[in-house]
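Student: Predicted model and sequence below, questions to follow.
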Amino acid sequence: MDADLLPLSLRLSLPRLGSQRSVDEPMVYAHYCVPDRDWAYYVTEGEPVGKEYAFFGFLLGSEQEKDWNWRSLRLSDLERTVVRNAAFQPGRLTDVVVLPY
């Protein structure tokens, strides 16, 4: 498991998958981005699933694609392409995610 992408402090703070499903303003605990693309993933939940770690969160795609929606991803999906924003401060979804378009 990549300690830069999923440090112990983050792993311990993430609520289990599905636990914020009925919350109107879920908490966002982490922000991942692709440095050379207009792509961001805001993690609201996560837990180990077998030998993998699964996340659920809000994906904000490029302005051209106008792609934003809720998605599940695995840590292995992120390891090759993304960087975790270590300076990100957790907050409610509408406080930390601003749709650029």
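Tutor: Good, I have the coordinates. Numbers count the residues shown, from 1 in each chain.

Student: continuing past the lowest-mean-pLDDT helix or strand in the chain, what's the next helix or strand?
Tutor: Ranking every helix and strand in the chain by mean pLDDT, DSSP states H and E puts helix 75-79 at the bottom, with a mean of 85. Sequence order places strand 83-84 as the next helix or strand after helix 75-79, per DSSP states H and E.

Student: Where does the residue sitting nearest the centre point of the chain sit: helix, strand or coil?
Tutor: Central residue of the chain (C-alpha atoms, centre = their mean): residue 43, 2.5 Å from the mean position. Under the three-state scheme (DSSP: H, G, I helix; E, B strand; the rest coil), residue 43 adopts strand.

Student: and if you look at residue 9?
Tutor: helix.

Student: What residues does it make contact with?
Tutor: Applying C-beta atoms under 8 Å, 6 or more residues apart in numbering to residue 9 gives no contacts. All C-beta atoms are positioned from the backbone trio N, CA, C, and that covers glycine.

Student: Next, find the distance separating it from residue 84.
Tutor: 12 Å (C-beta to C-beta, to the nearest Å).

Student: tell me the contacts of residue 81?
Tutor: residue 34.

Student: Which parts of this structure are helices?
Tutor: Ranges of helices in the chain, per DSSP state H, are 8-13, 75-79, 93-96.

Student: Minimum distance to residue 48: which of these has it?
Tutor: Nearest to residue 48 among the helices of the chain is helix 8-13 (8.5 Å), distances taken as C-beta to C-beta.
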